[in-house]
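> Sequence and predicted model, in that order:
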Amino acid sequence: MFENIARDFAMLVTVIDPVGSVPVFIAVTRGLSGRDQRRVAVRAVAIAALVLIFFAWAGQVLLETLEVPLPAFRIAGGIILFLVALDMLFGESKPESEVRQVTGLSARDAGALALFPLAIPSIAGPGAMMAAVLLTDSHRASHAQQVMTTVVLLAVLTGTLLLLLSATRIQRMIGDMGAGIISRVMGMIIAAIAVTGILEGIRAYFPALATD
């Protein structure tokens with residue numbers, strides 16, 4: 001059980017990348033009062049939580065309704081995660097690309113900015129949505145494990161909220177360069193997770209490839 005919790009926690013932290021959201025949050029809330037900054041942080045994390053919990057509990061049902069087999073979703077999810085990882089490794093890092101998206105937006109857009117780009121895609125991005133579905137696969141995880149994964153997800157999002165509320169201090173400590181480095185390290189980990197998901201999907205389609 002502990003190993004499953006540690007695995008889920010590591011994967012969710014990697015795909016959500018709470019530290020990488022700090023520069024985005026600072027850019028979004030620049031010029032706002034401390035009270036409005038806290039309001040944006042809480043709203044953004046709440047929206048991300050609703051989106052990810054929906055994918056965790058209804059994503060697989062939606063796939064089955066559309067008659068999309070989970071192995072196909074694993075392969076597709078692995079490919080998307082791999083592309084995300086490549087972008088993090090060789091393109092703009094998460095803070096750089098998402099901070100650029102909010103350049104020129106004014107403080108009056110704060111309500112909308114809590115949704116985009118802070119909640120989606122900075123916190124609840126495609127990788128996080130994929131991970132939420134894959135980690136709560138009912139064919140592999142019991143109901144108790146699914147509940148535990150949801151609790152771990154909420155714990156990661158709570159940590160993300162605490163980081164956003166402390167964003168100014170964290171930014172002074174690590175700077176944009178530090179956040180970019182962390183984002184690229186996360187990209188390497190995501191690439192490994194993506195390849196694992198692709199291989200598991202292929203083995204599920206072709207059981208003969210599975211080793212004893």
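Done, it's in.

> how far out from the middle of the chain is whichever strand or helix holds residue 60?
Secondary structure from DSSP states H and E places residue 60 in helix 34-65. From the chain centre to the centre of helix 34-65 is a distance of 11 Å (Cα atoms, centre = their mean, to the nearest Å).

> Repeat that for stretch 163-174.
Remark: stretch 163-174 is offset 19 Å from the chain centroid, using Cα atoms, centre = their mean.

> Quick one: residues in contact with that stretch.
Residues from elsewhere that reach stretch 163-174, judged by Cβ atoms under 8 Å, 6 or more residues apart in numbering: 18-19, 21-23, 25-26, 29, 37-38, 41, 44-45, 179, 182. Where C-beta positions appear, they are placed from N, C-alpha and C, glycine not excepted.

> on that earlier part again, got the buried residues for the helix holding residue 60?
For helix 34-65, burial by neighbour count (16 or more other Cβ atoms under 10 Å) applies to 37, 39-41, 43-45, 47-49, 51-53, 55-57, 59-60.

> what packs against the helix or strand just after it?
Proceeding N to C from helix 34-65, the next assigned helix or strand is helix 70-90, under DSSP H and E. Applying 3 or more Cβ pairs under 8 Å, 6 or more residues apart in numbering; DSSP states H and E, we find helix 70-90 packed against helix 34-65, helix 126-135, helix 167-205.

> do you know which of those lies nearest residue 75?
Across those, residue 75 has its closest neighbour in helix 167-205 (3.7 Å, Cβ to Cβ).

> Now do the closest one and helix 34-65, the angle between them.
Computed by axes from the mean of the first three to the mean of the last three Cα atoms, to 10 degrees, the angle separating helix 167-205 from helix 34-65 equals 10 degrees.

> Quick one: mean pLDDT for helix 167-205?
For helix 167-205, mean pLDDT is 78.

> What is the distance between it and the centre of its chain?
In terms of Cα atoms, centre = their mean, the centre of helix 167-205 is found 10 Å from the chain centre.

> so where's this protein uncertain?
1, 84, 88, 91-111, 139, 190, 208-212 (pLDDT under 70).

> ok, back up a step: farthest pair within the contacts of stretch 163-174?
Longest distance between any two of the contacts of stretch 163-174 is 23.7 Å, between 38 and 182; criterion Cβ to Cβ.
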